[in-house]
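Asks: Predicted model, plus sequence, below.
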Amino acid sequence: MTTNWLPKITLWRVIATLIFISGITATYMRFALGFARSTNLSDPQPWGLWVGLGTLCGVGLSAGGFAIAAAVYLLGFERYRPVLRTAVLVSFLGYSTVVTGMLYELGLPWRLWHPIVMWNRHSVLFEVSWCVMLYTTVLALEFSPALVEKIPWVRLRDLYLKWHHEILIALVMIGTLLSSMHQSFLGGLYLITKGKLHPLWYTPYLTTEFYLSAIPAGLAVTIMALYLSMRSLNAKVDPAILAEVSKVIAPLLALWGLFRAVDLITRDAVSYLFQWREETLSFWLEMGLFVFVPLLLLTRDKIRNNPQSLYWTCAIVVMGFMTNRLNVSITGLQASSGVYYIPKWQEFAATLAVLTAAVVAFRYAVIYLDILPKNPPRQRWLANATAEA
Amino acid sequence: MENTRAILVDITKCIGCRSCEQACKQLHGFPQQTELKLSPTAFTIVEEHGDRFVRRMCMHCQDPACASACLVGALHKTADGPVTYDASKCIGCRYCIVACPFSVPRYEWAKLVPYVKKCDMCAERQLKGQQPACVEACPVQASISGTREEILIEAERRILNDPKYVHHIYGSDEAGGTSVFFISDVPFEKLGFVAAPKQPMPVLTANALGDTPTVILMGGALLSGLYWITQRRAEVALAEGHSPQGLTKERQD
């Protein structure tokens, strides 16, 4: 922890500063000059990087919080409890980036609140927006003890923690429901693009497909966050926990691969698998990164038990997941739109800056709060749970 | 529904004079120069395909994808037939543009306060008993308007009585049926018409959305059940004297 009032200059700080400078420039251009000057969006391609990467990947990669919370509290997988707080924090920060990204993405961001009072129950996007609003609140509440336990006033603190303990199971259940709904509904958004979205991705089961892929991707992100904390903050995380979490990823990825294979065969879409087209190549890239390579790696004990190899394997899973979401939202719609969309630098810069802000927030949160498995919260209300850690 | 307003465009009659374009632009106060594609200042345009002229505009679907997609209900199928847009509700998410099977809605990308722009079939004029401006301006009656029933009967009469016509009224079943129809003597796919799905687009998402209250109730019951089983297993393990490892033991206090 730096105690000097002048921060030390390190390579990562320089990089982060550069990212923030370009991000602020991009932000200025987006809000002062408009979409036309800051993006390559157009009528044939009305949703680009900010939706594909910011929203679809942002929400999907933040699925770790709900998956781990449900596993620990509802299914009784006590062995995951040490990583619960990390998973919830990563998810909360992930959803915060999604909501921040919304401000860039919406044409009239000051009307972000409209869905609260103007309802259209037939709209998938309406359901998504409500789920995201509510679930972000749930995540904030789930995470709140980490902040509240630092409050010096004992009475207030205990009062809050006691109340929190009472509502916790309800929170976890609501969170699980909301997450299951909107993770699938994000795929459901594209059900209405029948005839536009390429047959390699358009399926009536887009909802299931999005749901099944979000959980392993969210878990992979949780592992990556834990590993980076070990590396850069010298947090003593037990590598066995990482290996433990990673055990679930392989079967989930296999299930997703199987689901997609059966879906493609039953829809007679197999012929699209062997064409010399960008869509087909992107599809195989997605399958390779999200199914074949991780399955090959994650089934080896040597890789799962080595935190560094596991980290890179998880990075491949995340890249595969992102390829899938960008394929659905950009590559798969390219042919029907008739334009070739390449994001402007401002779109990358804004996304990267928001993401970097979340990473910085994560860093300071794990430094100042008791998040990581090494620093188990020792409150009375959790005493039993972490006694063995 | 059959007494709603509709438009028929007979491609064999269009002479490409662009009077419809100009009348539309004049009505909305847009600059008069011709545009090649639909835009925020061109709600209808005339495309040239070989020696045929094809007018593009909003199809005013019977069950519009855009209206079902819009999360705040800014797009709306009126009882009279036109699909209208309430700019005061719009948040600028552009899901309507993603959803439209005919790729009609346009966005004001260059503006700082951008809105969605598209034809509203002159809903206000029609309420006053007037024809849409484009129809009124057509010197050869390539575009005519009337009730949906009248228009469909007239379109059918024309294609049945004259063998030159393709045997399809474009819009009769596209996207589950529209309020703007095209008849032609050249196959539609050669004139840039999309092969839109034949079912109402909102059906595609309605099934997936299901009935949210039911989903919440069933899901809630399922999760409560799982939680109960987990708790019960912990209690049994305790009672049998096993260490409750791997199981939750919630109620400590």
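Replies: Here it is on my side, so go on. Numbers count the residues shown, from 1 in each chain, chains lettered A, B, ... in the order given.

Asks: From now on I want contacts and neighbour counts done on CA atoms only, so please keep to that.
Replies: Will do.

Asks: any idea how far residue B:41 is from the residue lying closest to residue A:344 once chain neighbours are set aside?
Replies: In space, residue A:344 comes closest to residue A:39 once its chain neighbours are excluded; the distance is 5.2 Å by C-alpha to C-alpha, 6 or more residues apart in numbering or on different chains. Going from residue A:39 to residue B:41 by C-alpha to C-alpha, to the nearest Å gives 21 Å.

Asks: got the contact list for the most centrally placed residue in chain A?
Replies: Centroid-nearest residue in chain A: residue A:61, 2.1 Å away (criterion: C-alpha atoms, centre = their mean). When contacts are counted by C-alpha atoms under 8 Å, 6 or more residues apart in numbering or on different chains, residue A:61 touches A:91, A:94, A:214, A:217-218, A:221, A:318.

Asks: can you list those in JSON lines and add pLDDT and neighbour count?
Replies: Below are the contacts of residue A:61 laid out as JSON lines (pLDDT from 0 to 100; neighbours: other C-alpha atoms under 10 Å in any protein chain shown):
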{"residue": "A:91", "pLDDT": "96", "neighbour count": "28"}
{"residue": "A:94", "pLDDT": "97", "neighbour count": "27"}
{"residue": "A:214", "pLDDT": "96", "neighbour count": "28"}
{"residue": "A:217", "pLDDT": "97", "neighbour count": "30"}
{"residue": "A:218", "pLDDT": "96", "neighbour count": "31"}
{"residue": "A:221", "pLDDT": "96", "neighbour count": "24"}
{"residue": "A:318", "pLDDT": "97", "neighbour count": "25"}
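
Asks: For the residues you listed, give me TSV that also has distance to chain B and secondary structure.
Replies: TSV is the format used below for these (distance: C-alpha to the nearest C-alpha, whole Å; DSSP: H, G, I helix; E, B strand; the rest coil):
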residue	distance to chain B	secondary structure
A:91	21	helix
A:94	20	helix
A:214	18	helix
A:217	22	helix
A:218	20	helix
A:221	24	helix
A:318	26	helix
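
Asks: ok, back up a step: in terms of contact, does the residue nearest to residue A:344 touch residue A:342 like I think?
Replies: No - with contact defined as C-alpha atoms under 8 Å, residue A:39 does not count as touching residue A:342 (9.3 Å).

Asks: Poorly predicted segments of the chain, please.
Replies: Using chain A. Along chain A, the model assigns pLDDT under 70 to residues A:1-5, A:374-389.

Asks: that's the other chain; I wanted chain B
Replies: Low-confidence segments of chain B (pLDDT under 70): B:1-2, B:242-253.

Asks: Can you show me the strands along it?
Replies: Along chain B, the stretches classed as strands by DSSP state E are B:5-10, B:45-49, B:52-56, B:75-77, B:83-85, B:106-107, B:116-117, B:143-147, B:180-183.

Asks: Tell me which of these sits nearest to chain A.
Replies: strand B:106-107 (5.8 Å; C-alpha to the nearest C-alpha).

Asks: What parts of the stretch 51-200 of chain A come near chain B?
Replies: Taking C-alpha under 8 Å from any C-alpha of the partner chain as the measure of proximity, the stretch 51-200 of chain A contacts chain B at A:72-79, A:105-109, A:111-112, A:114-115, A:118-126, A:173-174, A:177, A:185, A:188-189, A:191-196.
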